[in-house]
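Asker: Take this sequence and fold it.
(one chain, ligands or ions: 1)
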Amino acid sequence: MKTLILASASPRRAELLQQIGLTFRVQPADIDETVAEGESAEHYVERLAREKALRVAGENPDAVVLGSDTSVVLQGEILGKPVDAAEAKATLVRLSGQQHQVMTAVALARGEVCQSHLSVTNVTFRSLSEAEIRAYVDSGEPMDKAGSYGIQGLGGIFVQELQGSYSAVVGLPLLETAGLLAEAGFPVWQNWPSCKESQT
Ligand SMILES: Cc1cn([C@H]2C[C@H](O)[C@@H](COP(=O)(O)OP(=O)(O)OP(=O)(O)O)O2)c(=O)[nH]c1=O
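Answerer: A predicted model of the protein is given here:
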């Protein structure tokens with residue numbers, strides 16, 4: 001396979017790509033993440049994923065570049081990563097007992113050609129007590145995560161129901177990621193070790 005580059009600083013996305021057997025290089029994309037005037041959450045998330053992939057693809061014309069973005073959306077409002085503990089606490093108070101959407105887009109770019117997919121997952125939180133919100137914020141886990149929680153970590157105990165893709169909530173929809181790679185001529189399974197190899 002051609003060189004695959006993950007245009008992301010997210011350790012979760014790197015772990016998810018490793019999980020499906022891919023080998024890749026990491027080159028985070030430095031882009032402006034400001035929401036445009038009147039922009040919908042769906043448009044914002046997919047635009048950012050595409051901009052991240054295209055930025056790094058522009059610097060690596062021979063590589064296949066994967067970019068992604070995750071936002072938590074509550075009643076249409078985009079909740080990104082918290083700037084401080086107070087914002088994390090306020091976000092968790094708002095998510096308590098509510099359903100929200102986790103929108104994750106994945107984009108695959110080669111040169112100036114880019115294909116993308118938006119995944120929307122409904123997540124419902126049970127009611128959270130003030131004490132557990134405080135303890136969760138004190139753990140530090142919310143700080144680098146959209147919506148101030150990590151479903152794959154301590155925050156997993158807040159989730160009452162999930163409709164959609166678990167991996168997309170963590171940071172990358174694996175089914176669609178593999179689909180985009182296959183469409184681009186790189187079936188993920190081609191990288192899997194055979195039984196013979198893995199036994200040696
Ligand atoms: C909702 C949720 C988000 N997250 C994380 C995934 C992403 O790392 C982060 C969303 O922020 P992003 O801006 O999508 O990603 P990032 O800043 O970590 O990395 P980059 O922009 O370089 O790709 O939130 C979880 O780990 N678990 C969760 O349950």
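Asker: contacting residues for the residue nearest in space to the middle of the chain?
Answerer: By CA atoms, centre = their mean, the chain has its centre lying nearest to G171, at 2.3 Å. Taking CB atoms under 8 Å, 6 or more residues apart in numbering, we find G171 in contact with 10, 12-13, 16, 68, 70, 104. C-beta coordinates here come from the backbone N, C-alpha and C atoms, glycine included.
Asker: please redo it, this time with the cut-off set to 10 Å
Answerer: With contacts taken as CB atoms under 10 Å, 6 or more residues apart in numbering, G171 has the following neighbours: 8, 10-17, 68-70, 102, 104, 106, 145-146, 150-152.
Asker: Which of these fall in helices?
Answerer: Among the contacts of G171, the members falling in helices (DSSP state H) are 11-17.
Asker: now, which of the residues you listed sits nearest G164?
Answerer: Closest approach between the ones in helices among the contacts of G171 and G164, by CB to CB: L16, at 15.4 Å.
Asker: Check the contact between that closest one and L174; I expect there is one.
Answerer: Yes. The pair L16 and L174 qualifies as a contact (CB atoms under 10 Å) at a distance of 6.3 Å.
Asker: Looking at those two, which is more packed in?
Answerer: Regarding L16 and L174, a neighbour count based on other CB atoms under 10 Å identifies L16 as having more, with 22 against 19.
Asker: do you know how far the residue nearest to the more buried one when sequence neighbours are not counted is from the ligand?
Answerer: With sequence-adjacent residues excluded and distances taken as CB to CB, 6 or more residues apart in numbering, L16 is closest to L172, at 4.5 Å. If you measure L172 against the ligand using CB to the nearest ligand atom, to the nearest Å, the figure is 8 Å.
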